[in-house]
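Asker: heads up, no residue letters with this:
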Ligand code: NAD
Ligand code: IPM
Ligand code: MN
């Protein structure tokens, strides 16, 4: 039997509610396959922890997380703690400390999910965003000069290193080649005359090594428009940290809503644990009411299983989510249903059990 050590950081707002369902799902997988076991360690870090202890995580928090096989995170940020403190001292700290430089965000319209676009077929919204996750606009480099004075100045510098840019673009080319899909780079070299000219140059250089991969390059403003008017253009997509953040919320809206969108923060070398999380935030407006949609957290549990080498179970989870979306019996209010967060979790589990039985019989 193989035991996987999972660090759970449920965090703030709806984080604990949605992760509870994801954990139920992972436990269901280990009940169905007795060769897999999960050992969950819960870390109480987040905004409430900050109120009591003055820090978002323990000072040696990164050290504590190092030995885990994966990190499963809910959401971070809550009114009362400035967002730039809560996020920089917990979520972004983990992404950076563990060099999780790849952020994989599938924008796939599952069967049964609602797409707000007119006349778009389900198969036409199927993008895989690969977002640079370690530097770029999120480098955290800058300064705040002459605070409060008439000559006040703030600087927020982007950092695009050759190593950082090459490794994310190479990763995306490899994925596109493996999946036999096209690769689109999204940048903004007309205005960002250093960083994005450099990005485009590296994309063009690397193209030479992947003549079998069909490529396109778009400016980010046009890309945002095309994602709405012609989403089928986009298959594998590579883009910078900030553009990837924004475009994947847009993508989430195309593929069933923010309550369904998942993301994996990956350290491909596996020198450090990778982290799995829904892409939504702590949703303070609905927290604690049982209204949160757990499907994004459950989808990220399926990414976690993929990462541990159990793609078969990752797939069963996705098929179960899809089944639930087709039936429309058990959905949370954001999907026009009346079910609670935990009822949706229970329903996914029912489908997983059925799906697993079917797979074993075949
Ligand atoms: P949000 O994603 O929390 O919420 C945006 C809207 O989507 C809200 O109306 C919310 O109710 C709804 N929503 C989000 N997730 C949902 C779900 N699972 N089910 C149903 N509805 C859902 O974004 P925000 O309001 O901009 O941010 C709130 C806080 O979360 C801020 O502190 C922000 O910094 C933080 N945040 C954290 C993460 C993260 O931890 N990964 C991501 C985004 C935002
Ligand atoms: C996300 C979030 C984070 C990001 C925030 C909370 C720092 O919006 O994961 O999409 O911008 O990366
Ligand atoms: Mn975001």
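Answerer: Thanks, I have the structure now. As the structure is a computational prediction, the values presented were derived from the model and not from experiment. Ligands and ions are numbered 1, 2, ... in the order given.
Asker: how about the residues of the stretch 51-200 of the chain by ligand 2?
Answerer: 87, 91-92 (C-beta under 6 Å from any ligand atom). C-beta coordinates here come from the backbone N, C-alpha and C atoms, glycine included.
Asker: in JSON lines: these, plus neighbour count, pLDDT and secondary structure.
Answerer: Formatted as JSON lines, those follow (neighbours: other C-beta atoms under 10 Å; pLDDT from 0 to 100; DSSP: H, G, I helix; E, B strand; the rest coil):
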{"residue": "87", "neighbour count": "18", "pLDDT": "98", "secondary structure": "helix"}
{"residue": "91", "neighbour count": "23", "pLDDT": "98", "secondary structure": "helix"}
{"residue": "92", "neighbour count": "17", "pLDDT": "98", "secondary structure": "helix"}
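Asker: ok, those residues vs ligand 2, which is closest?
Answerer: For those, the closest approach to ligand 2 (C-beta to the nearest ligand atom) belongs to residue 87, at 4.2 Å.
Asker: show the contacting residues for residue 103.
Answerer: By C-beta atoms under 8 Å, 6 or more residues apart in numbering, the contact list for residue 103 reads 95, 129-133, 244, 263-266.
Asker: the residues you listed: which two are farthest apart?
Answerer: 95 and 129 (15.6 Å; C-beta to C-beta).
Asker: got the confidence number for residue 59?
Answerer: On pLDDT, residue 59 comes in at 97.
Asker: with residue 356 instead?
Answerer: 77.
Asker: so it versus residue 327, what's the distance?
Answerer: 18 Å (C-beta to C-beta, to the nearest Å).
Asker: who has more neighbours, the two?
Answerer: More neighbours surround residue 356 than the other of residue 356 and residue 327, with 19 against 12 (other C-beta atoms under 10 Å).
Asker: list the buried residues of stretch 321-335.
Answerer: By 16 or more other C-beta atoms under 10 Å, the buried positions in stretch 321-335 come out as 321-325, 330-335.
Asker: and the residue in the stretch 201-350 of the chain that ligand 1 sits nearest to, what helix or strand is that in?
Answerer: Across the stretch 201-350 of the chain, no residue is closer to ligand 1 than residue 281, which sits at 2.4 Å (C-beta to the nearest ligand atom). In the assignment (DSSP states H and E), residue 281 maps to no helix and no strand.
Asker: the spatially closest residue to it that is not a sequence neighbour bridge partners, please.
Answerer: Of all residues not flanking residue 281 in the chain, residue 75 sits nearest, at 5.2 Å (C-beta to C-beta, 6 or more residues apart in numbering). Counting by DSSP bridges, residue 75 is bridged to residue 11.
Asker: and residue 75, how far from residue 246?
Answerer: 18 Å.
Asker: out of those two, which sits in the more crowded spot?
Answerer: residue 75 (30 against 12).
Asker: just checking, the more buried one touches residue 282?
Answerer: Yes - using C-beta atoms under 8 Å, residue 75 is in contact with residue 282, at 4.0 Å.
Asker: show me the common contact partners of those two, please.
Answerer: Common neighbours of residue 75 and residue 282 (C-beta under 8 Å, 6+ apart) are 11-15.
Asker: just to be sure, residue 67 is in a strand?
Answerer: No - checked against DSSP: H, G, I helix; E, B strand; the rest coil, residue 67 lies outside a strand; its state is coil.
Asker: let me see the contact set for it.
Answerer: Residue 67 touches residue 5, counting by C-beta under 8 Å, 6+ apart.
Asker: residues from the stretch 1-150 of the chain in reach of ligand 1?
Answerer: So the stretch 1-150 of the chain meets ligand 1 at 14, 18, 75-77, 83, 87, 91 (C-beta under 6 Å from any ligand atom).
Asker: quick one: which two of those residues are the most distant?
Answerer: 18 and 83 (19.4 Å).
Asker: those two: who's more crowded?
Answerer: residue 18 (29 against 13).
Asker: counting by contacts, list what the helix ranked longest in the chain packs against.
Answerer: In terms of residue count, the longest helix belonging to the chain (DSSP state H) is helix 341-361. Contact partners of helix 341-361 among helices and strands, from 3 or more C-beta pairs under 8 Å, 6 or more residues apart in numbering; DSSP states H and E: helix 15-32, helix 295-307, helix 311-327.
Asker: no further questions, thank you.
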